[in-house]
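Quick one, fold the following:
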Amino acid sequence: METTFQLVVDGRSVTATYHTADVERVFLPLLDRLSRVHAERCHQAQQGGIVGRRTVVLLAAPPGAGKSTLAATLEHLAEREPGFPRVQALGMDGFHYPNSYLETHCATLSSGEEVPLRSIKGAPETFDVRALIERVRSVRNACMPVKWPAYSRILHDVVPDARIVDAPIVLIEGNYLLLDEEPWRELAALCDFTIFIDADRALLQERLIERKMRGGMSREDAEAFFGASDGKNVARVLEARRPADACLQLDAHGRVRRMGATPAVAFFDIDGTLTWDHDGIPHDQAAPTPRVRRAIERFVNEGNIAVLCTGRPPGSVSSGVLACPFTATIMLAGGYVRYRGKVVREACIPHDVLRELVDCFERVHMPALLETVSGGIILSWPDVPSLFDADAGGSSRLGIAEVRALLKEPGKLEVGKVVCDSALLDRLAFAREFIEEHFVVSDLGIGAHELTVPTINKFEGMRAIWRALRNDGIAFGTVYGFGDSENDITMLSAVDMAVVMGNALPAARACADYLTDAVQDDGVATALEHFGFI
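Model (predicted):
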């Protein structure tokens with residue numbers, strides 16, 4: 001799922017597209033952090049009898065990492081989301097020396113070579129750092145609006161006093177704002193929070209080459225430009241930077257991740273992840289092994305947050321699973337979410353869609369498990385054996401007439417998801433168009449397929465948890481997901497680190513950032529050990 005923003009970046013209209021999970025998991029919590037920093041700064045200013053001071057945030061990144069777009073996105077989100085102080089995004093590129101200066105001055109490089117500034121435009125030596133430092137000082141300390149220069153991508157030159165700075169939080173973006181060299185180091189004393197976007201050099205190289213090619217360069221010329229200019233600047237930013245308060249990572253797919261930040265949040269599937277079928281133990285009695293349970297307990301005892309994230313309805317989760325210290329539970333594949341004992345999401349299949357699906361089942365005598373918050377209903381047919389015959393698992397077994405009676409009254413039968421016997425799915429071939437239009441079908445890897453509507457999935461459940469944490473003022477860091485089957489894909493695709501079990505289905509394996517041991521070999525514990533939590 002993607003979220004698109006229409007932004008103005010460097011005076012140009014830009015369409016920015018991010019994964020919705022990155023917005024929810026990274027950007028909004030980052031804005032929460034900035035809001036808290038600003039509140040603390042305001043409190044300190046009032047305690048000291050000083051009013052009107054702004055909060056200054058520095059966002060640094062190597063060329064090609066998307067810092068200007070991210071800064072504009074954070075500004076937009078702060079305006080859109082209720083309760084945030086206003087954020088104003090500014091670029092440091094307005095502090096380039098003017099072209100007239102670059103054409104008449106030289107710089108001495110670390111190698112001792114003296115070169116014209118114009119030939120290295122974009123390098124740290126081509127910026128008026130002293131002017132930048134003094135302007136940042138004014139922005140931070142002044143009560144009144146402050147003028148700010150910009151860089152025109154049309155004129156390719158500086159435009160003095162192009163912006164008016166008047167927001168309570170000022171987000172300044174640029175390549176060298178965290179450069180660990182003099183006089184750039186002086187910026188550290190003038191900012192309240194710092195952010196850095198890290199990325200692989202090969203990724204940045206390709207992005208910068210493609211940018212030049214979009215501007216009309218041949219690939220050969222773009223590669224030569226990278227070697228002579230952009231590549232050197234990338235290396236300098238990555239190798240000579242100060243640590244940041246928040247470090248984001250840009251991956252090869254354009255995803256933004258936040259690694260190593262605490263407290264971590266981990267989402268755990270049940271079947272095939274925490275438990276598995278063995279020794280004839282029913283699903284609703286299966287429990288994690290002692291090693292896995294202890295690993296989760298240690299993870300939580302270190303101040304991290306564990307969340308159960310399962311397709312099962314509440315009544316079919318064993319006491320052994322619930323004995324683990326979960327702060328929240330996502331059930332019914334994201335349709336039913338509880339956080340600290342409070343229901344924060346409850347969604348079901350639309351009544352008319354469910355009725356039409358049952359019509360399809362009746363036409364071919366298709367057995368199915370209709371799962372609700374209060375329990376399951378097995379639609380059975382005397383003439384069709386299925387995997388639901390062996391054990392009802394606490395579910396009611398009803399015939400079509402009884403199911404029809406429940407469906408007569410909207411709200412009487414609220415189904416979160418439907419499970420079908422994989423061996424009988426071909427019976428629904430005639431209804432493929434209807435099912436593809438209204439449902440997402442996932443292989444559970446246990447001889448069953450799950451049907452959910454697009455608005456019910458594990459990602460939507462996770463989103464409800466992230467919102468609940470933010471509403472409680474809980475700043476969370478790196479997000480992990482543990483899963484093994486197709487209904488885990490929305491979860492695995494939404495986290496910073498997707499941990500996939502060794503017994504996982506191929507579609508789930510394709511999402512893996514880390515492939516751990518199989519569930520039978522305590523893969524959850526192995527992964528938590530690997531990441532240093534225990």
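
Where do the strands of the stretch 301-450 of the chain begin and end?
When assigned using DSSP state E, counting those that start in this stretch, the strands of the stretch 301-450 of the chain occupy the ranges 305-309, 328-331, 336-339, 342-346, 368-372, 375-379, 396-398, 417-421, 440-443, 448-452.

Let me have those strands in TSV, extended by mean neighbour count and distance to residue 268.
The way it works is simple: take the backbone N, C-alpha and C, and place the C-beta from them, glycine included. What follows is the strands of the stretch 301-450 of the chain, written out as TSV (neighbours: other Cβ atoms under 10 Å; distance: least, Cβ to Cβ, whole Å):
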stretch	mean neighbour count	distance to residue 268
strand 305-309	23	6
strand 328-331	25	10
strand 336-339	23	14
strand 342-346	14	18
strand 368-372	25	19
strand 375-379	20	22
strand 396-398	14	28
strand 417-421	24	19
strand 440-443	20	18
strand 448-452	23	18
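
Compare those strands and give me the one nearest residue 43.
Checking the strands of the stretch 301-450 of the chain against residue 43 by Cβ to Cβ gives strand 305-309 as the closest, at 27.2 Å.

pLDDT weak spots in the stretch 1-150 of the chain?
Applying pLDDT under 70 to the stretch 1-150 of the chain picks out residues 49-52.

For it, just list every one of the strands.
Counting by DSSP E, counting those that start in this stretch, the strands of the stretch 1-150 of the chain are 2-9, 12-19, 55-60, 87-91, 106-108, 114-116, 146-152.

List the residues that contact residue 312.
Going by Cβ atoms under 8 Å, 6 or more residues apart in numbering, residue 312 touches 270, 271, 283, 331, 332, 371.

now swap in residue 499 and tell me
480, 481, 482, 483, 512, 513, 514, 516, 523, 524, 527.

Put the buried members of those into a PyMOL selection.
In PyMOL syntax, the buried subset of those is picked out as below (16 or more other Cβ atoms under 10 Å):
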select buried, resi 480+481+482+483+512+516+523+524+527
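
farthest pair in the contacts of residue 499?
Pairwise across the contacts of residue 499, and taking Cβ to Cβ, the largest span is found between 513 and 524, at 15.1 Å.

report the longest helix in the protein, please.
Scanning the chain for the helix with the most residues, using DSSP state H, yields helix 28-47.

Neighbours of the nearest residue to residue 138 once chain neighbours are set aside, how many?
Using Cβ to Cβ, 6 or more residues apart in numbering and skipping the chain neighbours, the partner closest in space to residue 138 is residue 146 (5.1 Å). Taking other Cβ atoms under 10 Å as the criterion, the count of residues near residue 146 is 20.

Residue 454 too?
Residue 454, neighbours per other Cβ under 10 Å, totals 11.

Just list whatever residues bridge to the residue nearest to it when sequence neighbours are not counted.
Take residue 454 and drop its neighbours on the chain: the residue closest to it by Cβ to Cβ, 6+ apart is residue 440, 5.8 Å away. When bridges are called by DSSP bridges, residue 440 pairs up with residue 452.

any idea of the pLDDT on residue 440?
With respect to pLDDT, residue 440 has a value of 94.

measure it to residue 457 for me?
Going from residue 440 to residue 457 by Cβ to Cβ, to the nearest Å gives 7 Å.

Please name the residues that touch residue 398.
By Cβ under 8 Å, 6+ apart, the neighbours of residue 398 are 377, 378, 379, 380, 406.

re earlier: please verify my assumption that the residue nearest to residue 454 contacts residue 458.
No: in this structure residue 440 lies outside contact range of residue 458 using Cβ atoms under 8 Å: 11.1 Å.

Identify the bridge partners of residue 499.
residue 482, residue 514.

Grab the nearest non-local neighbour of residue 450.
Closest to residue 450 by Cβ to Cβ, 6+ apart is residue 442, at 4.7 Å.

just residue 211 next, same as before
Closest to residue 211 by Cβ to Cβ, 6+ apart is residue 64, at 6.9 Å.

show me what contacts that neighbour?
199, 203, 204, 205, 207, 208, 211, 230, 234.

Going through the residues you listed, which ones are buried?
199, 203, 204, 205, 207, 208, 230, 234.

Narrow those to those in strands?
Counted as lying in strands by DSSP state E, out of those, are residue 199.

can you put the buried ones among the contacts of residue 64 in CSV and add distance to residue 220 and pLDDT?
As requested, those are exported to CSV (distance: Cβ to Cβ, whole Å; pLDDT from 0 to 100):
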residue, distance to residue 220, pLDDT
199, 24, 95
203, 20, 94
204, 19, 95
205, 14, 94
207, 17, 93
208, 15, 93
230, 15, 91
234, 19, 96
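
so of the buried ones among the contacts of residue 64, which ones are in helices?
203, 204, 205, 207, 208, 234.

Can you tell me how far the first one is from residue 218?
If I follow you right, that is residue 203. According to Cβ to Cβ, residue 203 and residue 218 sit 21 Å apart.

Same check on the second one?
Residue 204 sits 20 Å away from residue 218, going by Cβ to Cβ.

Equivalent analysis for the third one, please.
If you measure residue 205 against residue 218 using Cβ to Cβ, the figure is 16 Å.

Let me have the strands of the stretch 301-450 of the chain in JSON lines, extended by distance to residue 362.
Shown next, in JSON lines, are these (distance: least, Cβ to Cβ, whole Å):
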{"stretch": "strand 305-309", "distance to residue 362": "33"}
{"stretch": "strand 328-331", "distance to residue 362": "28"}
{"stretch": "strand 336-339", "distance to residue 362": "27"}
{"stretch": "strand 342-346", "distance to residue 362": "27"}
{"stretch": "strand 368-372", "distance to residue 362": "11"}
{"stretch": "strand 375-379", "distance to residue 362": "9"}
{"stretch": "strand 396-398", "distance to residue 362": "13"}
{"stretch": "strand 417-421", "distance to residue 362": "14"}
{"stretch": "strand 440-443", "distance to residue 362": "19"}
{"stretch": "strand 448-452", "distance to residue 362": "16"}
